[in-house]
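J.: quick one: sequence and predicted model below, then my questions.
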Amino acid sequence: MYQSYDIIIIGTGAGGATLAHALKDSGAKVLLVERGDYLPREPENWDVKAVFSEKRYKPKESWYDDRGKPFSPGVHYVVGGNTKVYGAVLIRFREQDFEELVHEGGTSPEWPVTYSDFEPYYTKAEEHFFVHGKNGQDPTEPSRSKSFPFQEVPHEPTIEQLASKLRLQGLHPFYLPVGIDLREGGRCIRCKTCDGFPCKLEAKADAEVCGVTPTLESPDVELLTRTFARRILTDPSGRRAVAVELERDGERFEVRGETIVVSCGAVNSAALLLRSDSTAHPAGLANQSGLVGRNYMVHNSTFLMAVHPVWQNATTFQKTLSINDFYFGKRDFPYPMGNLQMLGKLQADMLKAQKAFVPKALLSYIADRSVDFYLTSEDLPDPENRVTVGRNGRIQIRWRPNNLEAHRQLVQETKRMLKRAGYPIILTQKMGIETNSHMCGTMRFGTDPVTSVLDPYCQAHTVQNLYVVDSSFFPSSAAVNPALTIAAQALRVADHILKER
């Protein structure tokens with residue numbers, strides 16, 4: 001291991017790994033730092049009890065809400081980050097998501113860039129993560145310079161029947177864009193253990209498979225696993241980051257970098273900068289605006305099961321259908337409501353992990369007869385929703401959900417839709433603070449250093465060689481999964497770094 005690098009990237013998730021891959025042939029000496037290790041390929045990858053009840057791959061770590069109550073966050077410290085267990089939904093933000101948008105609960109701010117700035121990078125990101133999808137079905141679909149790189153994942157019979165019933169209601173179900181390896185000769189077998197599980201076939205388009213593994217083929221790239229980034233150090237002026245203080249196996253040491261990129265996820269990236277306070281940055285590194293850690297967003301989200309007492313759902317790979325008909329509202333509610341998409345097929349032991357006192361036989365009966373959805377609505381940036389770091393590095397999250405009427409409307413409309421489709425029983429579970437897989441917004445980007453932490457290329461306004469490349473930069477959360485937008489921005493930032501070099 002060298003002691004000095006051209007570029008240090010902290011974190012190997014959708015942002016860090018995609019950025020590293022884009023820089024691997026630049027001639028720059030790159031160090032990737034990951035606090036976790038490789039997630040093992042083992043039988044437990046597809047064991048429902050191991051993954052959901054025993055939480056085998058989650059860290060034994062607690063964060064705290066603003067009342068001091070601990071909770072187990074939905075994060076994974078492994079090579080590839082949270083993408084190792086994500087549902088591989090890789091969907092573009094809508095064009096209007098980049099603009100100022102009035103909601104029932106307030107206003108979603110305009111981004112400092114437009115959809116057209118992102119579009120070429122969305123296209124590259126879809127190719128990088130082998131996204132399967134189909135154009136022309138979603139009424140909110142943004143303009144595209146190219147079709148999806150791979151054809152859609154087909155519906156299984158029960159889901160195709162549901163899609164037909166929804167179309168008869170005048171709705172526009174579309175094939176959910178997903179990153180699974182169904183390419184010619186691909187590894188995906190469309191199993192029941194994808195959404196929420198690691199893939200032991202490496203058939204999911206995660207940041208390890210698509211980013212880290214091919215990147216390490218370059219002799220100019222190194223990876224340090226099981227290594228925690230404690231602080232980022234600057235020169236005496238505070239205008240340049242010069243080194244990262246790392247800890248591995250109890251030993252602390254420093255590595256120097258000409259360019260330092262933070263890609264730890266919206267909470268841990270903010271926490272790292274807050275821990276990196278100094279005389280030049282007394283409130284935390286790059287925090288002259290006071291906005292590091294503020295405007296934390298995670299989506300308003302609900303799990304919904306539509307159950308028929310007789311019909312059985314034999315679907316194996318369920319995550320193929322989505323609806324955006326209510327994304328920007330409806331006739332009697334002219335405000336954005338959000339997205340609904342299928343979940344991976346829920347199984348009894350998944351439900352048992354949440355409903356321990358319900359007999360498993362009943363849970364099996366329900367799961368065998370349900371179609372399962374994930375509903376997301378935009379939560380709006382609020383500077384009081386924030387990440388702070390307390391004594392001993394304890395992470396505290398203050399989050400008060402907002403824009404809740406829009407989400408209530410989405411849930412009600414979905415219930416009506418599914419009852420018309422023949423499912424008389426609807427069960428819902430609203431997600432809370434611990435469900436933070438879509439976290440974003442803690443270091444928003446913009447053109448004004450007073451109202452933003454990063455510039456439009458995710459470079460800190462006040463530290464000239466420091467970048468943050470993960471969902472921290474989002475000024476708003478939109479209402480769809482963030483992974484593709486993170487990856488697109490990583491590719492955009494890579495072009496900028498190469499141009500600067």
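T.: Yes, it's here.
J.: in the protein, what helix or strand scores lowest on average pLDDT?
T.: Sorting the helices and strands of the chain by mean pLDDT, DSSP states H and E puts helix 348-354 at the bottom, at a mean of 89.
J.: and that helix, what other elements does it pack with?
T.: helix 360-368 (3 or more CB pairs under 8 Å, 6 or more residues apart in numbering; DSSP states H and E). The C-beta positions use only the backbone N, C-alpha and C, and glycine is treated the same way.
J.: which residues are contacting the helix or strand following the helix it packs on?
T.: Note on helix 360-368: by DSSP states H and E, the next helix or strand toward the C-terminus is strand 370-377. By CB atoms under 8 Å, 6 or more residues apart in numbering, the surrounding residues in contact with strand 370-377 are 158-159, 162, 299-307, 313, 315, 318, 336-346, 403, 406-407, 410-411, 414, 418, 423, 427, 438, 479-481.
J.: residue 193: neighbouring residues, count only.
T.: By the measure other CB atoms under 10 Å, the count of residues near residue 193 is 19.
J.: so for it, what's the pLDDT?
T.: pLDDT recorded at residue 193 is 95.
J.: surely it is in contact with residue 48?
T.: Yes - in this structure, residue 193 is within contact of residue 48 by CB atoms under 8 Å, at 7.5 Å.
J.: hang on, residue 427 in a helix?
T.: No - read with DSSP: H, G, I helix; E, B strand; the rest coil, residue 427 is strand and lies in no helix.
J.: now it. Nearest residue, chain neighbours left out?
T.: Nearest non-adjacent residue to residue 427, counting by CB to CB, 6 or more residues apart in numbering: residue 305, 4.5 Å away.
J.: isn't the one you found up against residue 346?
T.: Yes - Residue 305 sits in contact with residue 346 when judged by CB under 8 Å, with a separation of 6.6 Å.
J.: mutual contacts of the two, please.
T.: 367, 370, 372.
J.: closest to residue 279 among those?
T.: residue 372 (53.1 Å; CB to CB).
J.: circling back: which parts of the least confident helix or strand of the chain are buried?
T.: 348, 349, 350, 351, 352 (16 or more other CB atoms under 10 Å).
J.: nearest to residue 74 among those?
T.: residue 350 (14.3 Å).
J.: how close does that closest one sit to residue 366?
T.: Remark: distance between residue 350 and residue 366 (CB to CB, to the nearest Å) = 11 Å.
J.: wait, a strand at residue 233?
T.: Yes - assigned with three-state DSSP, residue 233 falls within a strand.
J.: ok, it touching residue 279?
T.: No - using CB under 8 Å, residue 233 is not in contact with residue 279; the gap is 11.9 Å.
J.: with neighbour numbers in mind, choose between these two.
T.: Using other CB under 10 Å, the more surrounded residue of residue 233 and residue 279 is residue 233, with 16 against 8.
J.: partners of the more buried one in the sheet?
T.: residue 243 (DSSP bridges).
J.: residue 49 versus the residue lying closest to residue 46 once chain neighbours are set aside, what's the distance?
T.: Nearest non-adjacent residue to residue 46, counting by CB to CB, 6+ apart: residue 193, 4.0 Å away. Computed with CB to CB, the distance linking residue 193 and residue 49 is 12 Å.
J.: about what we covered before: and the residue nearest to residue 427, bridged to which residues?
T.: residue 372, residue 427.
J.: and the helices in the protein?
T.: 14-23, 48, 115-128, 157-168, 207, 213-215, 266-275, 348-354, 360-368, 404-420, 483-500 (DSSP state H).
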